[in-house]
Every structure is written in structure tokens, then in C-alpha cells.
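Enquirer: Predicted model, plus sequence, below.
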Amino acid sequence: MSQNSSKPHFAIAIDGPAASGKSTLARELAKRLGLVMVNSGAMYRAVTWKALQEKIDPSDSAAVVAMLSQIRIECGQSGMSSTCTIDGIDPGDELRSEVINANVSAISAIPEVRERLVNLQRSYLERTSIVMEGRDIGSVVFPDTPFKIYVDADEEVRAARRSLAGEVDSVSKRDAADSERVTAPLVVANGATILDTSHHSIESAVGAAIEILTEQGLESSQPSPTSK
Ligand code: DC
């Protein structure tokens, strides 16, 4: 955990499969706790966007790695949410397109991509306390944080959530790829508590998450998010 006198900032890790409700939960928790919400999936999506722009085959890892050395990736914050630009461009809504959904798992399985993005993800803690959502936040990015939730939901519920959001996304295919990859696969991290959101409203899921975090030691007297 990063809470000591030299580095008091802390991270709440929210992991889980696609459409499990982790983004909504992370956003609401961040709002409630006054923390910055960091969407790590958007970073993998942004690199995927760039590869497709450059007409690089996402399964050609050598070409993707060569591209990585040529691009500037900047992750910051706007208000209380994370931002990610590639060579100064924020791809915006394009990050949620069908073609990105279909290719992001291949890009995120490349170890060099992960290494670059994990460094950027960790650097948030130099500036502020965060709620970060993704697949490997509790297992790889911040393994020492005591605050870890693994969000899950029934597969039908997850698929329905995606189509309700108007997205074409084969969640089961993406989950299989994300869970079976060699580097930093989706797992329930050591010390994480599982929260199944299938039958929760947003409000009740947030309440359950706050209970879990309190059990994990989160106190209302946590240091102020931007204090050093
Ligand atoms: O959370 P999301 O659906 O926007 O994530 C998109 C993809 O990015 C996901 O299928 C796998 C990858 N990802 C990852 O490998 N590690 C993370 N920490 C976050 C996302």
C-alpha cells in the first residue's frame, strides 16, 4: 500500500470481465470518495485505435511494438476522470467502436504494450489517489493495495448491458482472450473481494462496494486525495 509519509496516495483496484459494471461502479465510488477515476481499458483501446489508424495488424506484435516506439502516449486527468491521448489526439467515442472491441484483446496481450501502459497507470499515484478499473489492477498494477474488488455479473446480464448501451461487443470472446493470455490475465487478485452486480441496482452495488472497502480498511479519515 502506498500510504506512508513519503507517498500517502492510495489506489482502489476494481477488476472484472467486460460489462460487469466495473466502470459504473468505479465512477460512482470515485465521485463518492472524492478520488480520480482512471479507466485503464481506455488506454489499451487508444493503442488499438492507433494501430488500426496505421493499418497495423493487431496480431502482428512485432509491428505493434515498432509502432510503440514511435508514439507519444500521455495519460492525465480532466476534472476527476482520466484522459489518454496518442500523439496529442484523444480518439473519443471511437474507442467504443465495434472494430476496437474486436481487436483490443489482441493488442492488450502484447507484453511490451502492457509494460508501457502499466508504467503510466502507476504514475497516477505520484499525483493523486485513484479508483482504477481494468483487468490486472489488483494483481499486477497495484498488487500491494489492500483495496481490491473483483466485479462480476452473469454472462447474459453482461451481454444485455452492452447491447442496451448500443454497442456491438462479443463479451464472451473478449473475456476468454483476456483470461487466457499469458501476460497479466484477468484473475481474481489475491486479497480481492468478489462483488456480483447481476441483481444490484447501481446504488446498491455502490453501497456493497463501500462495505467491502470498509472491511478492507478504508477509513473516512483517508488522507485527502491530492495531499502529498
Ligand atoms: O475495460 P474495457 O472493456 O474498456 O477494456 C478493453 C480491453 O482492454 C479488455 O478487453 C482487455 C484490455 N484491458 C487489459 O488488458 N487490462 C486492463 N487493465 C484494462 C483493459
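Expert: On my side now, so go ahead.

Enquirer: Let me see the contact set for the residue most central in space within the chain.
Expert: Note on the chain: the residue nearest the mean C-alpha position is residue 134, at 2.5 Å, using Cα atoms, centre = their mean. Shown in contact with residue 134 (Cβ atoms under 8 Å, 6 or more residues apart in numbering): 14-15, 39-41, 121, 141. For every residue, glycine as well, the C-beta is placed using N, CA and C.

Enquirer: Quick check: end-to-end length of stretch 139-155?
Expert: Its first and final residues considered, stretch 139-155 spans 23 Å by Cα to Cα, to the nearest Å.

Enquirer: average model confidence for that stretch?
Expert: For stretch 139-155, the mean pLDDT works out to 97.

Enquirer: picking that back up, and the residue nearest to the centre of the chain, how close does it get to the ligand?
Expert: As judged by Cβ to the nearest ligand atom, to the nearest Å, residue 134 and the ligand stand 2 Å apart.

Enquirer: Please tell me how far that residue sits from residue 41.
Expert: Per Cβ to Cβ, to the nearest Å, residue 134 is found 6 Å from residue 41.

Enquirer: Same question for residue 207.
Expert: Distance, residue 207 to residue 41, using Cβ to Cβ: 24 Å.

Enquirer: Stretch 100-116 close to the ligand?
Expert: Yes: interface with the ligand: stretch 100-116 contributes 104-105, 108 (Cβ under 6 Å from any ligand atom).

Enquirer: roughly how far is that stretch from the heart of the chain?
Expert: Distance of stretch 100-116 from the chain centroid (Cα atoms, centre = their mean, to the nearest Å) equals 13 Å.

Enquirer: what sits up against that stretch?
Expert: With contacts defined as Cβ under 8 Å, 6+ apart, stretch 100-116 is touched by 41, 44-45, 47-49, 51-52, 58-59, 61, 64-65, 68, 73, 94, 135-136, 167-170, 173-174, 177-178, 181-184.

Enquirer: Helix or strand next in line after the least confident helix or strand in the chain by mean pLDDT, which one?
Expert: The helix or strand of the chain with the poorest confidence is helix 155-164; it has a mean of 87 (mean pLDDT, DSSP states H and E). Next along the chain after helix 155-164, taking DSSP states H and E as the criterion, comes helix 171-180.

Enquirer: Show me which residues of that following helix are buried.
Expert: Within helix 171-180, the residues that count as buried by 16 or more other Cβ atoms under 10 Å are 171, 174-175, 177-178.

Enquirer: Keep only those that also lie close to the ligand.
Expert: Applying Cβ under 6 Å from any ligand atom, the subset of the buried residues of helix 171-180 adjacent to the ligand comprises 174, 178.

Enquirer: Next, residue 133: secondary structure please.
Expert: Following DSSP: H, G, I helix; E, B strand; the rest coil, residue 133 is assigned to strand.
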